[in-house]
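1. Quick check, what structure comes out for this input:
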Amino acid sequence: MPYNRGMARTPLIIGRPARPPLAPLHAGGGRRYPHCRSRCKHLFRHTCRAKLARCRQKYASACRPVPELAYDAYGNNLGFDPATALTKLLYSGEQFDQRIAMQYLRARYYDLSTGRFNRLDPYFGKLADPQSLHKYLYVHGDPISGVDPTGEEKTLASLQGAMTTFMTRVKVRVASVFSAGAAAIGRFFNEIGTRTQQLANAVLQSFPRLQVLQNQPVGRRFIDFIVRRGDRVAQIEVKYSIPQRTGDAFTRLCSQIQEMVASGQGQAVVWSMRPPTVAQLNRIMNTVGPEIYNATQFCHGFEGLVGFIRLYFGT
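-> As a prediction, this is how the structure comes out:
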């Protein structure tokens, strides 16, 4: 099955670059500017200021921000015309064919307006997964949790691409969100948490032999997932990243770890999309104690979650 290494190509949103730093002070008290080869005897000199102003004007006009492109879940454009976009790589980072208003996904074309492919899926599917038997459905009817760059199947590789794209978009949005105020920051973190759980659930659901229960009470806390296969049970708490410092989020995570271990209901697992630092793990160990810490499995990233499932459940 041809595949583009599992990475969804998504155009980056490029904003205006930061203003170039001033040159260092010279011994004479002035600065050497990029367009002035002489040593300035004063902090500002008329010729240097004029050349620097022209440079900044040219710099600003050449670096206009690229407009943000928005889509609904199935890829229909919101508030922009694909014909005027600066790139043909649009929804999920794949090529959009303006002539037929469909997206090229190698094996087939995808019609964004209907959420269906234009012809039969050459992949037969899995009998244990009825959604995979649908011959026209896009990513099992769940475009929030995956992409289909081959036009054949919503695979683990496509979920890996979705995670990579999600982390890239989070990095792009961080600066603008933090400058928008406390309310925007709160909504942003809620969106991150919800999306992280959706992606983790999609990975778990891709293993048809697993029984997956969401938001289950364990002691005094709720845990994101209880996963079973036969007599094997895992309690999995999902985070985008381990809390950076002591606070409500960190206290809640430590309490969840303690409740999972105390319950004795299988393996306690903390999975984060971003890799934790040594300092973060040491802070958890110092809070919950070495015994509880050593009874907890920490893993991160797509490979970490899939690797744990395969190793622990033998799938």
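2. what's the model's confidence in stretch 271-284, averaged?
-> In this model, stretch 271-284 has an average pLDDT of 94.
3. Same question for stretch 70-79.
-> In this model, stretch 70-79 has an average pLDDT of 90.
4. measure it end to end?
-> End-to-end distance for stretch 70-79: 7 Å, by C-alpha to C-alpha, to the nearest Å.
5. what about stretch 254-272, start to end distance?
-> 14 Å.
6. ok, and for that stretch, which residues are buried?
-> Neighbour counts over stretch 254-272 (16 or more other C-beta atoms under 10 Å) mark 254, 256-261, 263, 265-272 as buried. For glycine as for every other residue, the C-beta is placed from the backbone atoms N, C-alpha and C.
7. same deal with stretch 77-97?
-> So, applying 16+ other C-beta under 10 Å, buried residues of stretch 77-97: 77, 82, 85, 90-94, 96.
8. what does stretch 171-181 give?
-> Quick answer for stretch 171-181 (16+ other C-beta under 10 Å): 173, 177.
9. And the helices in this protein, which stretches?
-> For the chain, the helices defined by DSSP state H cover 46-62, 156-178, 182-205, 248-263, 278-288, 290-294, 301-313.
10. who are the neighbours in contact with residue 233?
-> Counting by C-beta atoms under 8 Å, 6 or more residues apart in numbering, residue 233 touches 226-227, 265-267.
11. so what's residue 249 closest to, chain neighbours aside?
-> What sits nearest to residue 249 in space, not counting adjacent residues and going by C-beta to C-beta, 6 or more residues apart in numbering, is residue 243, at 4.4 Å.
12. pretty sure the one you found contacts residue 254?
-> No. Checked against C-beta atoms under 8 Å, the pair residue 243 and residue 254 is beyond contact range at 9.3 Å.
13. burial of the closest residue in space to residue 293 that isn't next to it in sequence, as a residue count?
-> Leaving aside its chain neighbours, residue 293 sits nearest to residue 285 (4.1 Å; criterion: C-beta to C-beta, 6+ apart). Neighbour count for residue 285, taken as other C-beta atoms under 10 Å: 15.
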